[in-house]
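Engineer: Turn this into a structure:
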Amino acid sequence: MVWHALHEGEGDKLRELAAQYHLHPLHIEDCEHGGQNAKLEENDNYLFIVLKPINLDEDGTLGFGDFDVFLGKDYLITYEETGCRKLSPLVERYHSIPNLANDQILHRILDGIVDSYIPVLDNFGEEIDAIEDQVLSCPEPDLLQRIFTLKRAFINLRRVLTQTRDVAGHVMRSEREYINPKLMPYFRDVYDHLSRHIETVEMSRDLLSGALDIYLSSVANRTNETMKVLTLLSTFALPSVALTSFFGMNFENMPLLHHPHGMLLATIISFTITGVLVTILKWRKWI
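Structural biologist: As a prediction, the model looks like this:
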């Protein structure tokens, strides 16, 4: 069995192998264009598989690469595209192992890709924990952006995980002679891991939705508290505003207008009404 491990930029070599092994032109086009969904397609004499290695940059940006596989009876062709930098050491390690069957290589690469999702899920889990703590203590606007960014990441991650699980399920159901039936339990194990990853993503999305609800409730409560304080201040100032407005009218016969202690009496009346108002509000337990 022959393994041709190609990298992006070796399109001429890929086309030579396509002519040699009669690979379908559409599959070669998928390899050269990239950005494909994870999938498995059966041809007359080979399986064409697209796998999606994951990349998580330091700024938290989630990305996926394309790793294309042609699995035939006596050959294996892998085409490593941009975004597969973390998968390169794994490919190089298996490429250096002699007497390793092609279906075994396919399983190990698929298992390695599935295992690479675990640190990303753990990182997202820690970020969700931090969001849940912050959403209660300090619900700031930038927190809302982080929540929506994570929600979009989980949507993309779930899509890739679901498609990759379908690939593993298709391999398990395949009856091609170049896939050893003894490997089916191992592919089933990969399928189970993908199912657990999908469950983790669903649980994380639920936690994010809960954090979003708490954020909105916290913001609403803060707004209500602010409005409550402003309303109380307006209520306390209302007697003084009404009294000064009354005595501010330009009529010569206004009461207390020419009284020697008119200013003092107006002030006493204003504070008295305000005190009575505060007493009523406390009695009604509104403050």
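Engineer: List phi and psi for Glu127.
Structural biologist: With angles defined as degrees, to the nearest 10, Glu127 sits at phi -70, psi -40.
Engineer: Burial check on Ser240, number of neighbours?
Structural biologist: Using other Cβ atoms under 10 Å, Ser240 has 16 other residues around it. Where C-beta positions appear, they are placed from N, C-alpha and C, glycine not excepted.
Engineer: so where does His4 fall, helix or strand?
Structural biologist: Using DSSP states H and E, His4 maps to strand 2-7.
Engineer: Give me the helices and strands touching that strand, please.
Structural biologist: For strand 2-7, the elements it packs on are helix 11-21, strand 75-80, helix 88-95, judged by 3 or more Cβ pairs under 8 Å, 6 or more residues apart in numbering; DSSP states H and E.
Engineer: distance of Asp30 from Pro53?
Structural biologist: Going from Asp30 to Pro53 by Cβ to Cβ, to the nearest Å gives 16 Å.
Engineer: Look at these two and report which has more neighbours.
Structural biologist: Using other Cβ under 10 Å as the criterion, Asp30 and Pro53 rank with Pro53 on top: 24 against 20.
Engineer: Quick check, that one in contact with Leu110.
Structural biologist: No: with contact defined as Cβ atoms under 8 Å, Pro53 does not count as touching Leu110 (10.6 Å).
Engineer: Any chance of the backbone angles for Glu140?
Structural biologist: Per-residue torsions, Glu140: phi -90, psi 160 (degrees, to the nearest 10).
Engineer: Could you find the closest non-adjacent residue to it?
Structural biologist: Nearest non-adjacent residue to Glu140, counting by Cβ to Cβ, 6 or more residues apart in numbering: Gln134, 7.7 Å away.
Engineer: Show me the shaky parts of the stretch 51-200 of the chain.
Structural biologist: For the stretch 51-200 of the chain, the stretches with pLDDT under 70 are 57-60, 82-86.
Engineer: ranges for the strands of it?
Structural biologist: Taking DSSP state E, counting those that start in this stretch, the strands of the stretch 51-200 of the chain run over residues 54-56, 62-64, 67-72, 75-80.
Engineer: quick one, domains of the protein?
Structural biologist: Following automatic domain parsing, the chain resolves into domains at 2-221, 248-283.
Engineer: ok, longest helix in the protein?
Structural biologist: Scanning the chain for the longest helix, with DSSP state H as the assignment, gives helix 184-247.
Engineer: related to what we said a few turns ago, now the helices and strands packed on strand 2-7 as a markdown table including mean neighbour count and distance to Leu243?
Structural biologist: Shown next, in a markdown table, are those (neighbours: other Cβ atoms under 10 Å; distance: least, Cβ to Cβ, whole Å):
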| stretch | mean neighbour count | distance to Leu243 |
| --- | --- | --- |
| helix 11-21 | 14 | 87 |
| strand 75-80 | 23 | 83 |
| helix 88-95 | 14 | 82 |
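Engineer: Out of the strands of the stretch 51-200 of the chain, flag the one nearest Met227.
Structural biologist: strand 62-64 (39.4 Å; Cβ to Cβ).
Engineer: Buried residues, that closest one. List them.
Structural biologist: Leu62, Phe64 (16 or more other Cβ atoms under 10 Å).
Engineer: So what are the sheet partners of it and their directions?
Structural biologist: In the sheet, strand 62-64 lines up against strand 54-56 (antiparallel) (DSSP bridges).
Engineer: which residues touch Leu90?
Structural biologist: Leu90 sits next to Arg108, Ile109, Gly112 when contact means Cβ atoms under 8 Å, 6 or more residues apart in numbering.
Engineer: which residues touch the first one?
Structural biologist: It refers to Arg108. Leu90, Tyr94.
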